[in-house]
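Undergrad: have a look at this prediction, sequence included:
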Amino acid sequence: MSFRLAVCAEMVYGEMPLIERVERIHEQGFEVELWDTRGRDIGSLAATGARFSSMSGYFGGSLIDPDSTSEVLASAERLIPTALELGVERMVIHPAELGDGGRAVRPINRATGQMWLTGLRTLERLAVLGERHGVTFALENLNTILDHPGIPLARAKDTLALVAAVDQPNVKMMLDLYHAQIGEGNLVELVRAALPSIGEIQVADVPGRFEPGTGEINYSAIASALRDAGYSGVVGLEAGASGGPGLEAGDTALAAFRAAFEG
């Protein structure tokens, strides 16, 4: 059983314009993940012929704040035409609003029952929006120790619980194993438990957030566990190249990623 492998164009080949990064990734047989598509030349991106697995699915508001959920829904709806033009399958959302550097716009260190209920209701409304337009919203887990402090309900077990509670095909989980390793660990059991709710998986090694083989995570073992569990969806490299932003380092990182999941 093989996986569909994707690479985040925002994190490799940093010396090249985005369009050229997308072309380089596509030429090597990978699908492409994007972050914020606002201000991008969408026609030129589409013309590369790349298959786009995911992109950011909102740009304002918080799933868990009743005063700003309408902003989440409105911004998601404004991004849907871009997703459709590019053929993007999953629009990525987070438990709360992220600002510069992925930091919480309004840091909160304790989750409440109201946050749970608000997050659930917002995801249910996104499920309706996704069904209407034929897209899937993917809720990504984050680590709050290193990269995203002050984001409630961001742990994998919390995001999984929310997605499972919604129980709709147009809301899935973006299971980020880099974040899960930092915050929770026990990755093999996590992927097994999350399997019914997974829309896409993202990977990077720890520490450093570079390609597989540069840190402590045994991604070959995780790949075997995913195959055994019957997963054949997208695995995306959301990582920098350990050798730097250049072309050769990027190619090396992508080769290591492929070896971990196809070897």
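TA: Structure's in. What do you need?

Undergrad: give the contact list for residue 26.
TA: Going by C-beta atoms under 8 Å, 6 or more residues apart in numbering, residue 26 touches 32, 48-51. Heads up, the C-betas are built off the backbone N, CA and C, glycines and all.

Undergrad: can you tell me which of those are buried?
TA: In the contacts of residue 26, burial by neighbour count holds for 32, 48, 50-51, counting by 16 or more other C-beta atoms under 10 Å.

Undergrad: where along the chain do the helices fall?
TA: With DSSP state H, the ranges of helices along the chain come out as 18-27, 42-47, 69-86, 113-133, 156-166, 177-183, 187-194, 219-229, 247-262.

Undergrad: mean neighbour count, the ones you listed: which tops it?
TA: Comparing the helices of the chain by mean neighbour count (mean count of other C-beta atoms under 10 Å), helix 177-183 comes out on top with a mean of 23.

Undergrad: mind giving me the packing neighbours of that one?
TA: Contact here means 3 or more C-beta pairs under 8 Å, 6 or more residues apart in numbering; DSSP states H and E; on that basis helix 177-183 packs against helix 156-166, helix 187-194, strand 198-203.

Undergrad: that older thread, columns mean pLDDT and distance to residue 142 on top of the helices of the chain, output as a markdown table?
TA: Conversion of those to a markdown table gives the following (pLDDT from 0 to 100; distance: least, C-beta to C-beta, whole Å):
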| stretch | mean pLDDT | distance to residue 142 |
| --- | --- | --- |
| helix 18-27 | 98 | 24 |
| helix 42-47 | 98 | 26 |
| helix 69-86 | 98 | 16 |
| helix 113-133 | 97 | 14 |
| helix 156-166 | 97 | 8 |
| helix 177-183 | 96 | 5 |
| helix 187-194 | 96 | 14 |
| helix 219-229 | 96 | 19 |
| helix 247-262 | 97 | 21 |
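
Undergrad: for residue 102, which of the ones you listed is the nearest?
TA: Closest approach to residue 102 among these (C-beta to C-beta): helix 177-183, 10.5 Å.

Undergrad: what does the closest one rub up against?
TA: Defining contact as C-beta under 8 Å, 6+ apart, one finds that helix 177-183 is touched by 140-148, 154-156, 187, 190-191, 201-206, 209, 216-217, 222, 238-239.

Undergrad: and if you look at stretch 228-237?
TA: Residues outside stretch 228-237 that contact it (C-beta under 8 Å, 6+ apart) are 1-8, 11-12, 30-31, 33, 53-54, 89, 191-192, 195, 198-204, 211, 223, 226, 253-254, 257, 261.

Undergrad: tell me the centre residue of this structure?
TA: Centroid-nearest residue in the chain, with C-alpha atoms, centre = their mean: residue 174, separated by 4.9 Å.

Undergrad: of the contacts of stretch 228-237, just the buried ones, ChimeraX syntax please.
TA: Per 16+ other C-beta under 10 Å, the buried members of these correspond to this ChimeraX selection:
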select :3,4,5,6,7,8,11,12,30,31,33,53,54,89,191,195,198,199,200,201,202,203,204,211,223,226,253,254,257,261
